[in-house]
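Trainee: Only the shape, not the letters, is given here:
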């Protein structure tokens, strides 16, 4: 794909779609390469300065460089996009916004979208709805906060998937569907035609369960390479099923992360890898899984209270609950089968008894701390999640009961989803 894009750039007039795809190859694996690319491309294609600027903002945010991230944000011409990112990078900024002006702008865009029937209005309406919801939250008006939050999710889903009736986009991302698909790959892996080379660590669980904090601890305490939320395992399974050919899984990782070495631990934080545990253990018999758990009510509401734009099931409480239900069911099954391979790490325990839980984690994985401490790795840790700023704070228990005011939204589901009654 990189070679194809390179050929297109050399032989044809470039447009923004090619430019975006080119940089996107590196957005989730190498922020520094993104910054280098934007610098080069800006000189050659100044007409795309706005798009390049937002890629720079994203890269600086992922490595925690708030100063340069803010500089990029200040150059953003899209006011709604600016406001959306600004309220995340500066938690006090929401207090400076005028609610009447925000609602007036929302009504104006909504009128235009109804008159013109143009789907491109859905994205700015989603961002603006979310901003308004956060303004109401700041004013302790929970009812109106949730009203606009629901609108934000509906507009976001339509922006990505065209229609609220697009059920297949949700179904094909649900755990049961993906787990069933993985069985096709499992049947094809009859014998392993490659030697075991390392001990990968897979961080799994629901979104917003404290997984980024775990990833940070692995990197800072044990110098464990962090690959972020890469999709290597899913790509591997797709290649295996559709090409019917077994690849060396470690080399598959090295295609995207060339700095990987055979004698270093690395972590893959694609949370959805829990559906592939059977396949992963066939490929990496010594793999370990850290299953991140959080109070179910808090977890469900934490997912709902952010905009996970590329997760189709995350824009509706019913879909989130169904996804969570399938997740708990699959993990219960795998925990019974592979108890020695899976470590359940509770967010509440990690934030209250941090050192105790880290010690348990170290023993579970089998870290050789003396060997790890000898490695002086200078690479910056980066993170590409909705908690990219929050996770850089000191570990704290202040987020344990963050969504108490929203618990009533889940009351009608208590009988259908018994896991909601679990407060651990």
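Mentor: Thanks, I have it. Please read all numbers here as calculations on a predicted model, not as lab measurements. Residues are numbered from 1 along each chain as shown.

Trainee: where along the stretch 251-400 of the chain do the helices fall?
Mentor: 277-283, 296-304, 317-337, 347-352, 354-365, 369-373 (DSSP state H, counting those that start in this stretch).

Trainee: Just name the most buried of these.
Mentor: Ranked by mean neighbour count, those are led by helix 296-304 with a mean of 23 (mean count of other Cβ atoms under 10 Å). C-beta: built from backbone N, CA, C; applies to glycine.

Trainee: Could you name the helices and strands sitting against it?
Mentor: helix 317-337 (3 or more Cβ pairs under 8 Å, 6 or more residues apart in numbering; DSSP states H and E).

Trainee: Let me see the mean pLDDT of the helix it packs on.
Mentor: Summarised as a single mean, pLDDT over helix 317-337 is 98.

Trainee: how about residue 341, what does it touch?
Mentor: Residues near residue 341 by Cβ atoms under 8 Å, 6 or more residues apart in numbering: 277, 281, 287-289.

Trainee: Determine which two of the residues you listed are furthest apart.
Mentor: Using Cβ to Cβ, the contacts of residue 341 span at most 11.1 Å, a distance reached by 277 and 288.

Trainee: Go through the contacts of residue 341 and name the one nearest residue 240.
Mentor: residue 281 (14.9 Å).

Trainee: before we move on, back to that, to residue 140, which of the helices of the stretch 251-400 of the chain lies closest?
Mentor: Of the helices of the stretch 251-400 of the chain, nearest to residue 140 by Cβ to Cβ is helix 296-304, at 16.6 Å.

Trainee: between that closest one and helix 317-337, how many degrees?
Mentor: Counting by axes from the mean of the first three to the mean of the last three Cα atoms, to 10 degrees, helix 296-304 lies at 130 degrees to helix 317-337.

Trainee: Residues in contact with helix 296-304: which ones?
Mentor: 149, 153, 206-209, 294, 314, 317, 320-321, 324, 400-403, 406-407, 409-410, 419-420, 422-423.

Trainee: swap the cut-off to 6 Å and go again
Mentor: With contact meaning Cβ atoms under 6 Å, 6 or more residues apart in numbering, helix 296-304 is reached by 206-209, 314, 317, 320, 403, 406-407, 410, 419-420, 422.

Trainee: Now, of those, which are buried?
Mentor: Among the contacts of helix 296-304, those classed as buried by neighbour count (16 or more other Cβ atoms under 10 Å) are 206-209, 314, 317, 320, 403, 406, 410, 419-420.

Trainee: I'd like those residues laid out as CSV, including secondary structure.
Mentor: Formatted as CSV, those follow (DSSP: H, G, I helix; E, B strand; the rest coil):
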residue, secondary structure
206, coil
207, coil
208, coil
209, coil
314, helix
317, helix
320, helix
403, coil
406, helix
410, helix
419, helix
420, helix
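
Trainee: Specify which member of these is nearest to residue 307.
Mentor: Nearest to residue 307 among those, with distances taken as Cβ to Cβ, is residue 314, at 8.2 Å.

Trainee: Start and end of stretch 111-129, how far apart?
Mentor: Stretch 111-129 has an end-to-end distance of 14 Å (Cα to Cα, to the nearest Å).

Trainee: what comes up buried for that stretch?
Mentor: Judged by neighbour count using 16+ other Cβ under 10 Å, the buried positions of stretch 111-129 are 113, 121-129.

Trainee: could I get those as CSV with secondary structure?
Mentor: Shown next, in CSV, are those (three-state DSSP):
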residue, secondary structure
113, helix
121, helix
122, helix
123, helix
124, helix
125, helix
126, helix
127, helix
128, helix
129, helix
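
Trainee: Would you format those as a markdown table with pLDDT and distance to residue 135 included?
Mentor: Shown next, in a markdown table, are these (pLDDT from 0 to 100; distance: Cβ to Cβ, whole Å):
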| residue | pLDDT | distance to residue 135 |
| --- | --- | --- |
| 113 | 81 | 21 |
| 121 | 91 | 21 |
| 122 | 92 | 20 |
| 123 | 93 | 19 |
| 124 | 95 | 16 |
| 125 | 96 | 15 |
| 126 | 96 | 15 |
| 127 | 97 | 13 |
| 128 | 97 | 11 |
| 129 | 97 | 11 |
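
Trainee: ok, the residues you listed vs residue 168, which is closest?
Mentor: Among the buried residues of stretch 111-129, residue 122 lies closest to residue 168 (Cβ to Cβ), at 18.8 Å.

Trainee: I'd like the distance between that closest one and residue 162.
Mentor: Distance, residue 122 to residue 162, by Cβ to Cβ, to the nearest Å: 9 Å.

Trainee: Ok, residue 328 next?
Mentor: Distance from residue 328 to residue 162, by Cβ to Cβ: 31 Å.

Trainee: Then residue 182?
Mentor: Residue 182 is 28 Å from residue 162, by Cβ to Cβ.

Trainee: okay, these two: which has more neighbours?
Mentor: Using other Cβ atoms under 10 Å as the criterion, residue 182 and residue 162 rank with residue 182 on top: 22 against 12.

Trainee: right, and that one touches residue 276 too?
Mentor: Yes: using Cβ atoms under 6 Å, residue 182 is in contact with residue 276, at 5.0 Å.

Trainee: Thought residue 217 was touching residue 226, still the case?
Mentor: No: between residue 226 and residue 217 there is no contact under Cβ under 6 Å: 10.5 Å.

Trainee: quick one: stretch 123-131 to chain centroid distance?
Mentor: Centre-to-centre, stretch 123-131 and its host chain are 20 Å apart (Cα atoms, centre = their mean, to the nearest Å).

Trainee: Provide the contact partners of it at residue level.
Mentor: So stretch 123-131 is in contact with 80, 83-84, 106, 109, 148, 151-152, 155-156, 159, 307, going by Cβ under 6 Å, 6+ apart.

Trainee: Now, the residues you listed that are in helices?
Mentor: Here DSSP state H is the test, and these give 80, 83-84, 106, 109, 148, 151-152, 155-156, 159 as lying in helices.
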